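Visitor: with the input below, show me the fold.
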Amino acid sequence: MNKTYMAPTNGELRVSHAEREPVIEQLKQAYAEGRLDHDEFDLRVHLAMTAKTRSDLAAITRDLAPPVAPPRRPEVRTGPAPSGEDRMLAAAAHAAGALTTFVGPLVLLLLSGKRSEYVRRHAAEALNFQLTLLLVTIVTFGLGGILYAVAWIACALAAVVALTDKPFRYPWTLRLIR
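Guide: Residues are numbered from 1 along each chain as shown. Got it, this is the predicted structure:
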């Protein structure tokens, strides 16, 4: 008697606990959204925990829509994409702040801010950051000057972000210039 082995189809393959967990999470989501009542949720969780094959698991969630990821908010852009020169000037505004405190960002804001909204936003952010550092230094009678060592790191990071055509906001900054 010649017995030939026939491989099981995908639906006949046995499931593991790791394959049951996403199904249970989908059931929890459906219950939280009100698509399942409590009794039906309990029943389906029990069926998921005792399912033996992939087709058993698929039957449990067949009438439920897959979870929908929330839509990503696009970046709000108020003009054309910045040119390479605009990105370089925006990065220079942040880098100049590390060397000249508020003077470099102010000069770039006044000279290039009218020509490019992108440069203006970055120069204003760098100027606000430098003015905040200056105010902290004055109020603390010079002790805030220690922050300038940390500010160099923040300025370097902001300059790199400006080169990649992304917005950047310094933390804990007074936004005096808009």
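Visitor: just checking, what packs against the top helix by length along the chain?
Guide: Assignment by DSSP state H gives helix 117-139 as the longest helix of the chain. Packing contacts for helix 117-139, counted by 3 or more CB pairs under 8 Å, 6 or more residues apart in numbering; DSSP states H and E, involve helix 84-100, helix 103-112, helix 147-163. All C-beta atoms are positioned from the backbone trio N, CA, C, and that covers glycine.
Visitor: the last one - contacts with which helices or strands?
Guide: Packed against helix 147-163 by the contact rule (3+ CB pairs under 8 Å, 6+ apart) you find helix 84-100, helix 117-139.
Visitor: and those as CSV, adding mean pLDDT and distance to Val23?
Guide: Rendered in CSV, the data for those read as follows (pLDDT from 0 to 100; distance: least, CB to CB, whole Å):
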stretch, mean pLDDT, distance to Val23
helix 84-100, 91, 47
helix 117-139, 91, 46
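Visitor: closest one to Asp63 among those helices?
Guide: Distance to Asp63, taken as CB to CB, is lowest for helix 117-139 among those, at 48.8 Å.
Visitor: send me that closest one as CSV with only the CA atoms.
Guide: Only the C-alpha atoms of helix 117-139 are listed here, as CSV (Å, rounded to 0.1, in the frame of the first residue of the first chain):
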residue,chain,number,x,y,z
GLU,A,117,9.7,81.9,4.3
TYR,A,118,11.8,78.8,5.1
VAL,A,119,14.8,80.9,6.0
ARG,A,120,12.7,83.4,8.0
ARG,A,121,11.1,80.6,10.1
HIS,A,122,14.5,79.0,11.0
ALA,A,123,16.2,82.4,11.6
ALA,A,124,13.3,83.5,13.8
GLU,A,125,13.5,80.2,15.8
ALA,A,126,17.3,80.6,16.2
LEU,A,127,16.9,84.3,17.2
ASN,A,128,14.3,83.4,19.8
PHE,A,129,16.5,80.7,21.2
GLN,A,130,19.5,83.0,21.5
LEU,A,131,17.4,85.8,23.0
THR,A,132,16.1,83.3,25.6
LEU,A,133,19.6,82.3,26.5
LEU,A,134,20.7,85.9,26.8
LEU,A,135,17.7,86.7,29.1
VAL,A,136,18.5,83.7,31.3
THR,A,137,22.1,84.7,31.6
ILE,A,138,21.2,88.3,32.5
VAL,A,139,18.5,87.2,35.1
